[in-house]
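**Q** Provided below are the primary sequence and the corresponding predicted coordinates.
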Number of protein chains: 2
Amino acid sequence: MKSILIKDIYRNTDKYAGQTVTIEGWIRTLRASKAFGFIEVNDGSFLKNIQIVFEEGLENFVEISKLSISTSIRVEGKLEVTPNAKQPFEIKATNIVVEGSSDNDYPLQKKRHSFEFLREIAHLRPRSNTFSAVFRIRSLTAFAIHKFFQEKGFVYTHTPVITASDAEGAGEMFRLTTLDAKNPPVDEHGNVDFTKDFFGKEAHLTVSGQLQGEAYALAFRNIYTFGPTFRAENSNTARHASEFWMIEPEMAFADLNDNMEMAEEMLKYIINYVLENAPEEMEFFNSFVDKGLLDRLNNVVASDFGRVTYTEAIELLKKSGENFEYPVEWGSDLQTEHERYLTEKVFKKPLFVTDYPKDIKAFYMKLNEDGKTVAAMDLLVPGIGEIIGGSQREDKLDLLEERMDATGLDKEEYWWYLELRKYGSTRHAGYGLGFERAIMYLTGMTNIRDVISFPRTPKSAEF
Amino acid sequence: MKSILIKDIYRNTDKYAGQTVTIEGWIRTLRASKAFGFIEVNDGSFLKNIQIVFEEGLENFVEISKLSISTSIRVEGKLEVTPNAKQPFEIKATNIVVEGSSDNDYPLQKKRHSFEFLREIAHLRPRSNTFSAVFRIRSLTAFAIHKFFQEKGFVYTHTPVITASDAEGAGEMFRLTTLDAKNPPVDEHGNVDFTKDFFGKEAHLTVSGQLQGEAYALAFRNIYTFGPTFRAENSNTARHASEFWMIEPEMAFADLNDNMEMAEEMLKYIINYVLENAPEEMEFFNSFVDKGLLDRLNNVVASDFGRVTYTEAIELLKKSGENFEYPVEWGSDLQTEHERYLTEKVFKKPLFVTDYPKDIKAFYMKLNEDGKTVAAMDLLVPGIGEIIGGSQREDKLDLLEERMDATGLDKEEYWWYLELRKYGSTRHAGYGLGFERAIMYLTGMTNIRDVISFPRTPKSAEF
């Protein structure tokens, strides 16, 4: 008899009530007397366990009574609805087969473990309630993002991970190579001869798929990327990882306003999707991880996001009377303390800050008519700060070349990016959503290491 | 007035017929007389163009008449259904705005270009019909895969791209590093001191997410990965790229038979999805790229896939009377010529070959009771050969350790993978689908470089 998912029983209880069912999963708890016992089984399909009742009539009753936590078992029995009990139903076992035993030193015993400890057993932590919920939400969120863009006809574009250029003209990058580490080939000047490397030149891991995404937007009109990106920054914070996933939509025939509308609609869509499709997990986070989570998310869905220019934001911060650690000055970037003050204290909802000084933003952002600011946008959310960054792109060839010269970029290397401005350039815009930051925002988890299956950070690439 | 997608007009013609609409896109063709002209506009949302009629009444009639191919324009006008014409409808323009001009040296003029030439302008080739169709199919296929697994409750797991181990114990890998290329730090023995590297040890790009996927399957029961994988193989063939995407489902409480059923169901689902959601593109490939494509795909959807053991397959090949280039011998791997003979000549449909000799398969595959073969499966399809490879995994700790010793793998490094067999091991199985091979199979494209936006191959990482 084929086994069914425990989630399926929770969602379609009427269908299975009174029927003989087979489930498979891992023991979460077991208590037994001489005559009968109870097992809570979880199969990973759902946050909740299913209760198994077994009695001495079972031929392997004694063996079953002594099983360890995490043993994998197969249970056949009748599903009985238990309207007066704590759990909504239970399975009266007629047959229990042990599939794999579990050693007694199993590290996930039934007690609370610190997140720090659980990171050391990243191969086992998804068997705990918290991480089971985190990674189910992560999966659903990824799908919600695909669904959102696909329903709008956006083309999912896989931009390359390996790159010979640096999209931001800034980020610290990992070099990848097949050259001998100790004795690399050298050229006549004694420098490492990268023409002998695998790609015939120095190659790195991408920090953004945006530039290639622009090429595709100028063919398909609307595209999005969803892939891993990398930073070789030596920063050990709760918000930085060396490997993380990004979503980067790019739209032709779209300006900064269209960009903000899309970002707002997307974020609300994602929130609604997880609230509807994982209500138990979201309740769990609200109860055990972040008490205000559901209120905050419901507020976001119901709000029209605020909009303020950078120049107005600077005025608001100056007038605030707050004692900020970093000074507030037109021309300096906003710090997290500034961002959180604006979104949490002033607007009390998500907030787009737009039109930043050109000198603190990337070369590809469209110069505004004032000649001083660019059509950039950052979306700030309460509790986190920046979650989305984007801009309208510079579509005029001469202005783009000026900015590349000013920032010291090699125009030769970007020949193809410049050509996009020669052959039917249009206004276009896009943004980047850091996927892990979105998951932190949706779950209330506060360390990025706890929303990545096997996180990569400085000095850490275990598993 | 907000512009609408050309695909929207094709799909909902009745809604827009007789209405004033605004579209935006790029000129594909333009011909004009003194009194009127026709423009074919494509906006990337659809394979087909929309025809614009413009007349001398337009104030910028002369300017419009002279526009170059690939100019981006915005057109307002009335949508008129044209039942007697070649095209189903056209827009009678009342206003045409030029958004971005196109230089006369635009390389994609209206003539057939070789795929080789188009690879050199990978930033522009998605503007051609063929590549527009390829990358729209690629996007739809990716979504179909997500949809298939999500509807079954599989958890999408992002396994790490950066790894300090080698999943296959074999593949050639890219090393990634932030050490100085010319003067790396050395230890007391004069060897490169990787403890000083970013991750504190030698790190590489993953060749597979399977091992980490197994850890997650033993928590969530059913998971899948969908991410980029890498091979630093110096092979310049039409079927190999250095960077490609893989889908790797992994199922606990599943054996080889369940694995084959899932792979068959998935492949049929994907084919049906693209046939239903991109009929125009699929007709295009059938007409211009691969004449037998639709017949072949329809045959796959209608067939029960064949199944044969490796040992039986060897017998069939020996009896075939064919003059193969590579000898057929029990214990040797099947070559593409053997695979294609089996699937194209003998079975004439997709074929699972199972239970290969253990010595030609990976260490993690489950040893069969005969002690000589493992519970492996390869799915062969007509026209391509192998498209999916998978296995039931060795779930017994002692047998797995034996195989690791025999293949010279360091058990210390795999401590966490071995622990999965200590704490509630279960039968489990999974497979890998090379995403690009799937796209080639669905479109009839024969070079992997033509189904990857910006392909990475030896000596080539342009764009």
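**A** Arrived safely, thanks for sending.

**Q** pLDDT below threshold where in chain A?
**A** Applying pLDDT under 70 to chain A flags residues A:166-171.

**Q** could you show me where the helices are in it, in order?
**A** A:6-11, A:13-16, A:61-65, A:115-119, A:129-151, A:210-220, A:256-277, A:279-288, A:293-302, A:310-319, A:336-340, A:397-406, A:415-419, A:435-443 (DSSP state H).

**Q** Was I right to think A:G390 contacts A:K366?
**A** No. Counting by Cβ atoms under 8 Å, A:G390 stays clear of A:K366, with 11.3 Å between them. The C-beta positions use only the backbone N, C-alpha and C, and glycine is treated the same way.

**Q** Nearest to chain B: which residue in the stretch 251-400 of chain A?
**A** A:F253 (4.3 Å; Cβ to the nearest Cβ).

**Q** That residue: what's it in contact with?
**A** With contact set as Cβ atoms under 8 Å, 6 or more residues apart in numbering or on different chains, A:F253 has these partners: A:R221, A:T426, A:R427, A:H428, B:S3, B:E24, B:D43, B:S72, B:R74, B:E99.

**Q** And A:G390 and A:K366? Which one has more around it.
**A** A:G390 (27 against 23; other Cβ atoms under 10 Å in any protein chain shown).

**Q** Just give the number of residues close to A:I314.
**A** A total of 20 residues lie near A:I314 under the criterion other Cβ under 10 Å.

**Q** Which residues are in contact with it?
**A** Applying Cβ under 8 Å, 6+ apart, the residues near A:I314 are A:V328, A:E329, A:W330.

**Q** Chain B contacts on the stretch 1-150 of chain A?
**A** By Cβ under 8 Å from any Cβ of the partner chain, the residues of the stretch 1-150 of chain A that approach chain B are A:3, A:5, A:7-8, A:24-27, A:43-45, A:70-72, A:74, A:99-103, A:106, A:121-124, A:126-127, A:131-132, A:135-136, A:138-140, A:142-143, A:146-147, A:150.

**Q** and the gap between the residue lying farthest from the centre of chain A and A:I73?
**A** Distance to the chain centre peaks in chain A at A:G57, reaching 48.8 Å (criterion: Cα atoms, centre = their mean). A:G57 is 17 Å from A:I73, where distance means Cβ to Cβ, to the nearest Å.

**Q** With only the CA atoms kept, save stretch A:451-460 in CSV.
**A** Extracted in CSV, the C-alpha atoms of stretch A:451-460 (Å, rounded to 0.1, in the frame of the first residue of the first chain):
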residue,chain,number,x,y,z
VAL,A,451,17.6,30.8,6.4
ILE,A,452,20.3,29.2,4.1
SER,A,453,20.5,25.4,4.1
PHE,A,454,24.3,25.3,4.3
PRO,A,455,25.5,28.9,4.7
ARG,A,456,28.9,30.1,3.3
THR,A,457,30.6,32.8,5.3
PRO,A,458,34.2,33.8,5.9
LYS,A,459,36.2,30.8,7.1
SER,A,460,33.1,28.6,6.9
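
**Q** Report the buried residues of it.
**A** Neighbour-count burial for stretch A:451-460 flags A:V451, A:I452, A:S453, A:F454, A:P455, A:R456, A:T457, A:P458, A:S460 (criterion: 16 or more other Cβ atoms under 10 Å in any protein chain shown).

**Q** Might you calculate how far it sits from the centre of the chain?
**A** Distance of stretch A:451-460 from the chain centroid (Cα atoms, centre = their mean, to the nearest Å) equals 13 Å.

**Q** can you tell if that stretch touches chain B?
**A** Yes. Applying Cβ under 8 Å from any Cβ, one finds that stretch A:451-460 is in contact with chain B at A:I452, A:S453, A:F454, A:R456, A:P458, A:K459, A:S460.
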